[in-house]
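Engineer: Below: sequence and its predicted model.
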Amino acid sequence: MVNLREVVPARCLTLLRCNWKTGAYGRLFCPSGDKMSKSLSNIVLIQYQGMARLLHHLLYGNPKPELITELKVNQVAETWPELAGRDGNRIGREALANYLQQWDETQFLDLQLDYGQLFFGPGEPKAVPYGSVYLGEEQVLNDRSTLALMDFYQAHDVSLQLPARDPVDHIGLFFSVLDASFGRLAAEPDNQRLVRFTQVLLQQHLLPWAERCLELAAEHAQTEFYFAVALLARDFLLQLTEDFNLIPMPARLFR
């Protein structure tokens with residue numbers, strides 16, 4: 001089986017520094033630490049790290065033809081974990097396999113255009129990748145939910161050093177933080193502070209809106225590639241909800 005972490009090396013990740021200091025974690029809908037540890041012992045965190053790393057690169061920034069070729073060469077569609085065997089996972093893997101089987105770089109422009117119309121522009125993206133647009137009534141960038149996430153990261157000494165002044169609540173950046181979290185949890189499975197950090201990140205800052213973003217991406221994707229990415233990312237978040245024993249916090253969404 002292909003090691004998904006090796007398809008995209010760590011040096012290609014957004015520069016990230018995480019010390020996860022003790023801080024206020026907010027209210028959690030989760031079981032006791034013993035049950036949480038038992039749940040985590042049943043998953044392969046290194047595998048989850050590789051999945052998060054790939055999703056970071058596939059969702060954050062324009063597609064790169066060399067990465068798509070690497071996915072094809074390494075048969076990522078065939079080795080992507082089935083997780084709980086949900087329909088979205090199966091359909092996503094099939095769509096990704098179909099796309100990669102016929103991939104060559106002459107299709108790159110269509111892929112770029114699809115990424116743009118979904119996540120970047122020009123014009124209003126169909127699946128805006130920023131949480132504040134879904135959580136704020138005014139649907140603007142850097143709204144209160146973004147500031148809350150920035151405060152959360154600052155409280156836990158998480159620093160995202162971005163190439164541009166991009167809001168930190170981009171869905172692709174969340175997967176970068178999850179990559180780092182899973183890598184450290186694989187080495188420190190009993191680190192309950194890091195477990196709680198990951199729970200709060202998912203439950204309070206990502207899950208309330210990400211499913212809607214990915215639903216829109218799957219609905220409006222014009223290539224099988226981004227249709228597949230949206231389905232596989234959504235399935236992964238559903239799996240993390242189960243693995244970390246979370247009940248997503250209810251939130252009013254404005255799109």
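Structural biologist: Great, that's in hand.

Engineer: can we go C-alpha only for contacts and neighbour counts from here?
Structural biologist: OK.

Engineer: Pop out the phi and psi values for residue 161.
Structural biologist: Backbone geometry at residue 161, expressed as degrees, to the nearest 10, gives phi -100, psi 100.

Engineer: What separation is there between it and residue 197?
Structural biologist: 20 Å (CA to CA, to the nearest Å).

Engineer: what's the lengthiest helix in the chain in contact with?
Structural biologist: Longest helix in the chain by number of residues, with DSSP state H as the criterion: helix 224-243. Residues outside helix 224-243 that contact it (CA atoms under 8 Å, 6 or more residues apart in numbering): 39-40, 43, 55, 58, 83-84, 86, 88-89, 91-96, 98-100, 111, 114-115, 202, 207, 210-211, 214-215, 217-219, 221, 247-248.

Engineer: about what we covered before: with neighbour numbers in mind, choose between residue 161 and residue 197.
Structural biologist: Using other CA atoms under 10 Å, the more surrounded residue of residue 161 and residue 197 is residue 197, with 21 against 13.

Engineer: element containing that one?
Structural biologist: If you go by DSSP states H and E, residue 197 is part of helix 192-200.

Engineer: show me the contacts for the residue nearest the centre of the chain.
Structural biologist: Nearest to the geometric centre of the chain sits residue 175, at 3.5 Å (CA atoms, centre = their mean). Contacts of residue 175 were listed using CA under 8 Å, 6+ apart, and they are 52-53, 55-56.

Engineer: one more time with 10 Å, if that's ok
Structural biologist: Going by CA atoms under 10 Å, 6 or more residues apart in numbering, residue 175 touches 49, 51-57, 59-60, 181, 206, 233.

Engineer: In a markdown table, list those along with neighbour count, pLDDT and distance to residue 124.
Structural biologist: Listed next are those as a markdown table, based on neighbours: other CA atoms under 10 Å; pLDDT from 0 to 100; distance: CA to CA, whole Å:
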| residue | neighbour count | pLDDT | distance to residue 124 |
| --- | --- | --- | --- |
| 49 | 25 | 96 | 32 |
| 51 | 22 | 97 | 28 |
| 52 | 28 | 98 | 26 |
| 53 | 29 | 97 | 27 |
| 54 | 27 | 97 | 25 |
| 55 | 23 | 98 | 22 |
| 56 | 25 | 97 | 22 |
| 57 | 21 | 96 | 22 |
| 59 | 21 | 98 | 17 |
| 60 | 21 | 96 | 17 |
| 181 | 22 | 96 | 32 |
| 206 | 22 | 98 | 21 |
| 233 | 25 | 98 | 22 |
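
Engineer: CA atoms only: put stretch 146-155 into CSV for me.
Structural biologist: What follows is stretch 146-155, C-alpha atoms only, in CSV (Å, rounded to 0.1, in the frame of the first residue of the first chain):
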residue,chain,number,x,y,z
THR,A,146,-12.3,33.8,11.8
LEU,A,147,-11.2,35.9,14.8
ALA,A,148,-12.3,33.2,17.2
LEU,A,149,-10.2,30.7,15.3
MET,A,150,-7.2,33.1,15.4
ASP,A,151,-7.6,33.4,19.1
PHE,A,152,-7.8,29.6,19.5
TYR,A,153,-4.6,29.2,17.5
GLN,A,154,-2.9,31.9,19.4
ALA,A,155,-3.9,30.3,22.8
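
Engineer: buried residues in it?
Structural biologist: For stretch 146-155, the neighbour count (16 or more other CA atoms under 10 Å) marks 146, 149-150, 152-153 as buried.

Engineer: picking up where we left off before, could you list which of the contacts of helix 224-243 belong to helices?
Structural biologist: When those are checked against helices (DSSP H), the matches are 39-40, 55, 58, 88-89, 91-96, 98-100, 111, 114-115, 207, 210-211, 214-215, 217-219.

Engineer: out of the residues you listed, which are buried?
Structural biologist: Buried subset of the ones in helices among the contacts of helix 224-243 (neighbour count, 16+ other CA under 10 Å): 40, 55, 58, 88-89, 92-96, 99-100, 111, 114-115, 207, 210-211, 214, 217-218.
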